[in-house]
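1. Got a sequence here, can you model it:
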Amino acid sequence: QVQLVESGGGLVQPGGSLTLSCAASEFTLSNTVMVGWFRQAPGKEREGVSCISRSGGTIDYANSVKGRFTISRDNAKNTVYLQMNSLKPEDTGVYYCATRNLWSSGSCLSWSYDQWGQGTQVTVSS
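-> Got it, this is the predicted structure:
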């Protein structure tokens, strides 16, 4: 069954770090043009956090995470990562990864995505 699986979420204190992983099963991430990370906080709309192209040559971040989060990918492991440092309470939410099969225009954070994972919870609290 084609699916994306996120892992690495958890409870962390403000200022702490977490690394999320997005692994694909039954398909190859590098066959898609873009992988994105999104998050949804309670009572809020889902927002784009970061995205990375197949080659890694195109990367974008939401302004709220620039300088703190780093997206990367290991095509050999069929996995995309999101390194999150200096975490803040406002980073709390369910984090999802998603893939898109066709290139679009504008920021990849605003694209519509085709395949979604089930999400992993990140809670930043003291």
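
2. What pLDDT is listed against F27?
-> We have a pLDDT of 87 for F27.

3. Give me the neighbour count for S55.
-> By other Cβ atoms under 10 Å, 10 other residues sit near S55. In short, each C-beta sits where N, CA and C put it, glycine included.

4. didn't G117 look like it was pressed against E6?
-> Yes: G117 is in contact with E6 according to Cβ atoms under 8 Å; the separation is 4.6 Å.

5. Now the common contact residues for those two.
-> Residues within reach of G117 and of E6 at once, by Cβ atoms under 8 Å, 6 or more residues apart in numbering, are C22, Y96, C97.

6. who's in contact with the second one?
-> In other words, Y96. Y96 sits next to E6, W37, F38, R39, Q40, R46, W116, G117, Q118, G119 when contact means Cβ under 8 Å, 6+ apart.

7. In a markdown table: the residues you listed, plus distance to F69.
-> Shown next, in a markdown table, are the contacts of Y96 (distance: Cβ to Cβ, whole Å):
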| residue | distance to F69 |
| --- | --- |
| E6 | 15 |
| W37 | 8 |
| F38 | 12 |
| R39 | 10 |
| Q40 | 16 |
| R46 | 16 |
| W116 | 19 |
| G117 | 17 |
| Q118 | 21 |
| G119 | 17 |
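
8. looking at those, which has the most residues close by?
-> For these, the largest neighbour count, defined by other Cβ under 10 Å, is 27 neighbours, found at W37.

9. Return the list of strands paired to the host helix or strand of it, each annotated with direction.
-> For W37, the element it lies in under DSSP states H and E is strand 34-40. As defined by DSSP bridges, the strand partners of strand 34-40 come to strand 47-53 (antiparallel), strand 93-100 (antiparallel).

10. Appreciated, that's everything.
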